[in-house]
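Asks: based on what follows, work out the 3D shape:
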Amino acid sequence: MTAPVAKRRQHGSRATAYPWLRYVVLGASAALGFTIVYGQTLVSQVDRSFSTPDVEAIITNRPQKPIDGDAGEALNILLLASDARDGENGDIGGDFEGMRNDTTIIMHISGDRERVEMLSIPRDTQVPISDCTLLDGRLQHCVC
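Replies: Here you go, the predicted structure:
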C-alpha cells in the first residue's frame, strides 16, 4: 500500500489562494484611472474657460511720460482734509458750523523721484497759542 501523495502544483500553474484579490486590485486600478482622467478633464475645462485678451495694442500705444518741470528738485506738498459736522457726524463729534481740518499730511518727494515720504500730523496735536497781532494791526486768535 502506498501513502497518499500530497497534491503539488505543477510548473506554470497559477496560485489561486485569494481569487477575490484580483477583482479588488482591478477595481481599485479602474477607479484610480477614472479619477485621474476625470480630474484632468476638469482642469482642462477650467483652463479653457479663461480668455486671454490681446494687450499688444495697449502696450505699444502707451502715452509718453509727462514732462517733469521740477526734475531734480525735491517737492514738499501739504495735504489737508476736512470733515463736515452736520447730520450723523454732528451727533458723533458735536455740531459745529463749517468744516474743520481732519487730517494734515506733509508729503516729501525726493529730487530723483525714487522716494516718497509722508508725515501725518494728528489733529489732536494742535494746541492753542497766544493771540497774534497781524501786520495790519488786527488781533487774531491762533491755533498751531
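Asks: where along this protein do the strands fall?
Replies: Counting by DSSP state E, the chain has strands at residues 75-84, 99-109, 116-122, 132-133, 139-140.
Asks: which one of those strands lies nearest to Ile36?
Replies: Across these, Ile36 has its closest neighbour in strand 116-122 (52.1 Å, C-beta to C-beta). C-beta: built from backbone N, CA, C; applies to glycine.
Asks: coming back round to it: okay, the strands of the chain in a markdown table with mean neighbour count next?
Replies: A markdown table is the format used below for the strands of the chain (neighbours: other C-beta atoms under 10 Å):
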| stretch | mean neighbour count |
| --- | --- |
| strand 75-84 | 11 |
| strand 99-109 | 14 |
| strand 116-122 | 10 |
| strand 132-133 | 10 |
| strand 139-140 | 8 |
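Asks: low-confidence ranges, this protein, go.
Replies: Counting by pLDDT under 70, the low-confidence segments of the chain come to 1-16, 83-100, 126, 128, 141-144.
Asks: so what does the spatially most central residue of it look like in phi/psi?
Replies: When C-alpha atoms, centre = their mean is applied to the chain, the residue found nearest the centroid is Phe50 (20.6 Å). Phe50 adopts backbone torsions of phi -80, psi 140, taken as degrees, to the nearest 10.
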